[in-house]
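Asker: Generate coordinates for the sequence data below:
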Amino acid sequence: MRRHPAGAIAALALLAACSSGPSAPAGWQPVAGATTTWSNGSGATLQTYTYAKKSFNGTLQELASQQAVDVVLRRRGAKFTQSTTFAPCPGMAAIASFTLGTDRLLEQGFAVQSDRAVLVTYVRPKSATFDPAVSKAMESALCASGL
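Answerer: Below is the predicted model:
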């Protein structure tokens with residue numbers, strides 16, 4: 001039998017890419033001690049992005065309701081402002097927005113496929129625009145088939 005090392009290397013590279021962890025926003029730094037949280041800025045300009053994956057046996061609407069309640073209960077002063085489908089993959093994912101006090105916003109994206117849910121949470125100052133690097137990371141996390 002003839003062996004093809006180039007084919008084996010390509011297969012290993014593909015396997016590694018498919019099993020790699022969540023994608024972080026480009027240019028963001030990992031938060032010390034957290035494997036799925038990244039940050040950008042510091043002090044009043046601090047922004048954070050967190051990725052989570054969990055088992056979930058429900059619909060996107062059920063996950064949206066559950067997460068809205070969870071955010072309000074876990075984050076003191078959080079107020080739900082709106083939710084909408086996530087434009088890059090409508091019907092597959094959604095995003096909910098919350099205010100955190102007077103100066104911060106929390107955007108939580110979520111998707112459900114089969115028995116898995118993916119949650120991404122982006123916290124930023126109200127004065128900061130939505131970071132395009134976060135949009136790309138959210139799209140990668142929420143629109144992927146085979147969550």
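Asker: For the protein, which residues score under the pLDDT cut-off?
Answerer: Low-confidence segments of the chain, defined by pLDDT under 70: 1-21, 145-147.
Asker: Pull the number of nearby residues for E62.
Answerer: When neighbours are counted by other Cβ atoms under 10 Å, E62 registers 13. For glycine as for every other residue, the C-beta is placed from the backbone atoms N, C-alpha and C.
Asker: Which other helices and strands does the helix or strand in which it is found contact?
Answerer: Assigning secondary structure by DSSP states H and E places E62 in helix 60-74. Judged by 3 or more Cβ pairs under 8 Å, 6 or more residues apart in numbering; DSSP states H and E, helix 60-74 is in contact with strand 78-85, strand 93-100, strand 104-113.
Asker: Looking at those strands, spot the one closest to L63.
Answerer: strand 104-113 (5.3 Å; Cβ to Cβ).
Asker: give the contact list for the nearest residue to T121 once chain neighbours are set aside.
Answerer: Leaving out its chain neighbours, the residue that sits closest to T121 by Cβ to Cβ, 6 or more residues apart in numbering is T50, at 4.5 Å. Each residue near T50 by Cβ atoms under 8 Å, 6 or more residues apart in numbering is listed here: A34, T36, T37, W38, L119, V120, T121.
Asker: ok, 7 Å please
Answerer: T36, T37, V120, T121 (Cβ atoms under 7 Å, 6 or more residues apart in numbering).
Asker: same question, L142
Answerer: Per Cβ under 7 Å, 6+ apart, neighbours of L142: F86, C89, A93, G109, A111, V118, V120.
Asker: From these, pick the one nearest G58.
Answerer: Nearest to G58 among the contacts of L142 is A111, at 12.3 Å by Cβ to Cβ.
Asker: My guess is that closest one contacts M92. True?
Answerer: Yes: using Cβ atoms under 7 Å, A111 is in contact with M92, at 5.7 Å.
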